[in-house]
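Asker: Quick one: sequence plus predicted model below, questions after.
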Amino acid sequence: MLEYIKKDFTESIQTKIAALEELPKPVEKAANMMIEALIRGNKVMTCGNAGSDALAQYLASQLINRHERHRPPLPALCLSGESTTLTAISNDFSFADIYSKKVKALGQGGDILVAICSNGNSENIINAMQVALTRDMTIIALTGNDGGEMAGFIGVNDVEIRVSSARTARIQEVHLLVVHSLCSCIDNALFPVNSEES
């Protein structure tokens, strides 16, 4: 068992080292996109499935409540946030529509959709991205492996943050780090702390 644990730790470290080489630029672009949207008064919408949904909820909560320091709440919405609408859409239409219908109802031009999917192939996430594009929203896609079908919906104004791993656990570990980095960048840009306060 100890060897399996050490292997997991080692693999996680190696994945993060590879991410250090590949991801800072797209993370910086994503942070700037979010900062500009929030300054304009737009909101950040997030979505994912399973563990990626947990990350989507976590990102929204960090924006609304706080990351590492007290500051005013920021407008964010996790699209999985209430079960009545999700189950109604799944029951009456399709699980593939649970996020796209919400984006159609609530998304506005200039809003950001943060779409999180380890393999990049979840139909409900892809459908949400397609609707976001029709609403003149911009997309930040957190993916893994080869980016899946989601990679094909990334335009010049969007950004994909792709973790070069085929293992869901490793991808989600890096996605969590990306979420923390985005929140830190937003806080530092919108609510800077001077050196006397830090």
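Answerer: It's in.
Asker: so how many other residues sit close to residue 84?
Answerer: Neighbours of residue 84 under the rule other Cβ atoms under 10 Å: 7. Every residue, glycine included, has its C-beta placed from N, CA and C.
Asker: Spit out the contact partners of the residue lying closest to residue 97 once chain neighbours are set aside.
Answerer: Of all residues not flanking residue 97 in the chain, residue 89 sits nearest, at 5.4 Å (Cβ to Cβ, 6 or more residues apart in numbering). For residue 89, the contact set (Cβ atoms under 8 Å, 6 or more residues apart in numbering) comprises 95, 97, 98, 101.
Asker: Following element in sequence after the helix or strand harbouring residue 89, please.
Answerer: Assigned by DSSP states H and E, residue 89 belongs to helix 83-92. Note on helix 83-92: by DSSP H and E, the next helix or strand toward the C-terminus is helix 100-106.
Asker: Buried residues, the helix holding residue 89. List them.
Answerer: For helix 83-92, a neighbour-count test (16 or more other Cβ atoms under 10 Å) marks 86, 89 as buried.
Asker: Quick one: mean pLDDT over that helix.
Answerer: Helix 83-92 carries an average pLDDT of 95.
Asker: pLDDT score for the closest residue to residue 74 other than its chain neighbours?
Answerer: In space, and not counting its chain neighbours, residue 74 is closest to residue 63: 4.3 Å by Cβ to Cβ, 6+ apart. Looking at residue 63, its pLDDT reads 98.
Asker: circling back to that earlier point, by neighbours, which of the contacts of residue 89 wins?
Answerer: Neighbour counts for the contacts of residue 89 peak at residue 98, which has 23 neighbours (criterion: other Cβ under 10 Å).
Asker: Pull up the gap between it and residue 144, please.
Answerer: According to Cβ to Cβ, to the nearest Å, residue 98 stands 22 Å off from residue 144.
Asker: and if you look at residue 26?
Answerer: As judged by Cβ to Cβ, residue 26 and residue 144 stand 13 Å apart.
Asker: Now do the shared contacts for these two.
Answerer: By Cβ under 8 Å, 6+ apart, residue 26 and residue 144 have these common neighbours: residue 162.
Asker: So which of those two has more stuff around it?
Answerer: Under the criterion of other Cβ under 10 Å, the comparison of residue 26 against residue 144 puts residue 144 first, with 26 against 17.
Asker: related to what we said a few turns ago, pick the one among the contacts of residue 89 closest to residue 19.
Answerer: Nearest to residue 19 among these is residue 98, at 29.5 Å by Cβ to Cβ.
Asker: Just to check, residue 142 is in contact with residue 120?
Answerer: No: using Cβ atoms under 8 Å, residue 142 is not in contact with residue 120, being 9.4 Å away.
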